[in-house]
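Participant: When you get a sec, could you give me coordinates for this:
(one chain, ligands or ions: 1)
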Amino acid sequence: MAKYQYETVEVTLENGIAWTLLNRPAKRNAMNPKLHFEMDELLGRMSTDPEVKVVVIGGKGGHFSAGMDLKEFFREQEGNPEAQRKSSEAGHRWRWERLSEYPKPTIAMVEGYCVGGGFTQMIGCDFAIAARNAKFALSEVNWGIIPGGLVAKIFADTVLPRHALYHACMGEVFDGVEAERIGLINKAVPAASLRKTVRELAQKLMLKSPNALRATKHAVRHVRSMSVPDAYSYLMAQYLVVGVGDTEDSYNSGIRQFLDEKSFKPAHGPFRLKGARAKTVKKTKPRTAARRK
Ligand code: COA
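Facilitator: Modelled structure (predicted):
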């Protein structure tokens, strides 16, 4: 039996990667209240699951998400402020509070439509890879609301101001290539190699010290809104935090493997984690003056 069983989300664990797919394909993975509650609980559970090293967020049926469910989230909750409050809070919590502060690396895998409120979990993830023919749209202006929740804010924080205004005001569909060009995603790839590209990124992330990676991603996100003196003080403190509860003893392992064991070059990749197989270092014969003659 699958470890994580939900009605609106499907999770497959594969060698440390939790492929987490919104599962309402008939509704283009529009997010109803149930999905928000399930994702909120699921992300909480996976954050402490040692089998989960990287979380990938995507959608079943060829689409990332058509955003908030206009029927079940909006219309059917009208006149019920208590239900609205609960589902809004859960939706905000999993898509932004949990994802943007997640203790493990997260990757958005975007294919098909990514619309409106779907931008929140896409930007909430640390990385975003999309199919070249993915279809992004801030549709809110087209049906009479603003990109609310946090959408306008995090979109404007991610891309340059002209792009933010254009896409928020026009609500046009743009593809993965354009999303990469404006800095909304890391990379657009052919649809056929989307999963492979995401898997390769996840595998690279899993080779790094989890503590160093966690502190780094939190640092990069948090310093954006700080003054320079505040950022300096925060980063000095975070520098110490990396070592707290670090089963890899990252700082010492990294320095030892570089200076003493000479087994890796930090500029070319991460130090070897405990339990990882040692790389066979190819020995090349030194070129001596005698040999060159
Ligand atoms: N909320 C509720 N239902 C939605 C939905 C949404 N956001 N997006 C799609 N659906 C439903 C449709 O109503 C339809 O349901 P039905 O089969 O019961 O009629 C089903 O999903 C398939 O949608 P359809 O429009 O037929 O698919 P499509 O592939 O032709 O178009 C979209 C896909 C995403 C372009 C289109 O559905 C759309 O514009 N959806 C609204 C997206 C939006 O504005 N989201 C922002 C909310 S913040």
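
Participant: Could you show which parts of the protein are in contact with the ligand?
Facilitator: Taking CB under 6 Å from any ligand atom as the contact definition, the chain meets the ligand at 27-28, 30, 66-71, 113, 115-117, 139-140, 143. C-beta coordinates here come from the backbone N, C-alpha and C atoms, glycine included.

Participant: And the residues you listed, which two are furthest apart?
Facilitator: The largest separation in these, counting by CB to CB, is between Lys27 and Glu140 at 17.8 Å.

Participant: residue nearest the centroid of the protein?
Facilitator: For the chain, the residue nearest the mean C-alpha position is Cys125 (2.4 Å; CA atoms, centre = their mean).

Participant: show me where this protein has strands.
Facilitator: 9-14, 17-22, 54-59, 106-110, 113-115, 127-131, 135-137, 187-189 (DSSP state E).

Participant: which one of the ones you listed lies closest to Asn252?
Facilitator: strand 54-59 (24.8 Å).

Participant: Please name the residues that touch Ile57.
Facilitator: Going by CB atoms under 8 Å, 6 or more residues apart in numbering, Ile57 touches 20, 22, 99, 106-109, 121-122, 125.

Participant: can you map out the helices along the stretch 151-293 of the chain?
Facilitator: Assigned by DSSP state H, counting those that start in this stretch, the stretch 151-293 of the chain shows helices spanning 151-158, 161-170, 176-181, 194-206, 210-223, 228-241, 250-255, 289-292.

Participant: same check, this time on the stretch 1-150 of the chain
Facilitator: With helices called from DSSP H, counting those that start in this stretch, the stretch 1-150 of the chain shows them at 33-47, 81-92, 99-100, 118-124.

Participant: Count the residues that sit near Asp260.
Facilitator: Applying other CB atoms under 10 Å, we find 8 residues neighbouring Asp260.

Participant: Tell me the pLDDT of it.
Facilitator: On the pLDDT scale, Asp260 is placed at 97.

Participant: rewinding a little: restricted to buried residues, select the residues of the chain next to the ligand in ChimeraX.
Facilitator: A single ChimeraX command selects the buried members of the residues of the chain next to the ligand (16 or more other CB atoms under 10 Å):
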select :27,28,30,66,67,68,69,113,115,116,117,139,140
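
Participant: Just give me the closest of the residues of the chain next to the ligand to Asp249.
Facilitator: For these, the minimum distance to Asp249 (CB to CB) is 41.7 Å, reached by Gly117.

Participant: so the closest one touches Gly149, yeah?
Facilitator: Yes: here Gly117 reaches Gly149: they are 6.2 Å apart, a contact under CB atoms under 8 Å.
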